[in-house]
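> A structural model of the following input is requested.
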Amino acid sequence: GVGWDTERSARLAGWLQNRDPRCKAVAALALLITVALVRSPATLAVLYAFCLFVTATSRLSVTRLMRRAWIAAAVFTGLIALPAVLNVFTPGPTAVQLPFGWAVTTTGLTTAARLLLRALTSLHVLWLVVYTTPWNRVLAALGSLGAPAPAVVTLGITHRYAFLLTRMAGEMMASRSARTVGHIDGARNRAQITNAAGTLLLHSHHSASAVHGAMIARGFTGRFRSVEPFRATWRDVVLVLLALALSFAAWSIDRHAF
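Residues are numbered from 1 along each chain as shown. You can find the predicted model right below:
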């Protein structure tokens, strides 16, 4: 699964795996802010290429992360980016003439490229942190940097229950298939799916209460802590300075370009 994949890749002897999680979080935040501010697709492409380079130096599969990023960007951002290329939504010089007076505009293509590259680069930055850092150390690093404790706890529980509920749903569907004989009509199938969704919701509520009680009983105080202490070295400082320098350079070039 994805959870095991990230934990396994975080143990590789790559360049980013050996960096302090707090420094990785600061560097990622600087890049994410820059990606949100710049407007030039060329500048975003350079930032994306930098992420791919860091992926390779961290011994991660570049093609796998690219494929996952492209799928996520196509599903969520593509719904906005595709209509944006039309003159109905984004007027501008015509690039491709379409029937019924519609056209693909160069301004629309630039807007769509900007949206897609922002989504791709942001996803890749986040995944670089997740794939090179054990999840509990990510949460501990966020807490040590002053992130609000409720937000960190919510993030940790959401990550845990995303996999738990997926497994529960799979087990429910498998047990349903094992008990089903013959063909089920559409109305009955929809009713069973609705019942399964309600049961899954009740299970999730019960599990959340049980897990929270167990965490409190074991001394959880609202902040995640790492067993291994954080130790920043000069290489970690170089990572932060490199991210800040790249962010400032990209922002400056983009500002003069626009």
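
> If we ignore the residues flanking it in sequence, what's nearest Arg22?
Nearest residue to Arg22, sequence neighbours excluded (CB to CB, 6 or more residues apart in numbering): Ala141, at 4.6 Å. The way it works is simple: take the backbone N, C-alpha and C, and place the C-beta from them, glycine included.

> typed the wrong thing, it's Cys51
In space, Cys51 is closest to His124, 4.3 Å off (CB to CB, 6+ apart).

> any idea how far the closest residue to Val104 other than its chain neighbours is from Thr77?
Of all residues not flanking Val104 in the chain, Val96 sits nearest, at 4.1 Å (CB to CB, 6+ apart). Going from Val96 to Thr77 by CB to CB, to the nearest Å gives 21 Å.

> more neighbours, those two?
Between Val96 and Thr77, counting by other CB atoms under 10 Å, Thr77 is the more crowded of the two (19 against 11).

> what packs against whichever strand or helix holds Met168?
Assigned by DSSP states H and E, Met168 falls within helix 149-179. When contacts are defined as 3 or more CB pairs under 8 Å, 6 or more residues apart in numbering; DSSP states H and E, helix 149-179 packs onto helix 135-144, helix 186-217.

> Could you pull out the buried residues of that helix?
Buried residues in helix 149-179, counted by 16 or more other CB atoms under 10 Å: 152-153, 155-156, 159, 164, 168, 172.

> quick revisit: ranking the helices and strands packed on helix 149-179 by burial, who's on top?
Highest mean neighbour count among those (mean count of other CB atoms under 10 Å): helix 135-144, with a mean of 20.

> if you average pLDDT over each of the helices and strands packed on helix 149-179, which comes out lowest?
Here the lowest mean pLDDT among the helices and strands packed on helix 149-179 goes to helix 186-217, at a mean of 74.

> Point out the other helices and strands that that helix packs with.
Here helix 186-217 touches helix 149-179, going by 3+ CB pairs under 8 Å, 6+ apart.

> Of the buried residues of helix 149-179, just say which sits nearest to Arg235.
Val152 (25.8 Å; CB to CB).

> Look at that closest one and report its pLDDT.
For Val152, the predicted pLDDT is 79.

> ok, so what distance separates Phe50 from Ser40?
Counting by CB to CB - Phe50 and Ser40 are separated by 15 Å.

> okay, now Thr132: neighbour count?
26.

> try Leu37
13.

> and Val104, what does it touch?
When contacts are counted by CB atoms under 8 Å, 6 or more residues apart in numbering, Val104 touches 85-87, 94-96, 98.

> Filter those residues down to the ones in strands?
Judged by DSSP state E, the contacts of Val104 include 94-96 as members of strands.

> Point out the least confident one among the residues you listed.
Among these, Val96 has the lowest pLDDT, at 78.

> Good, wrapping up.
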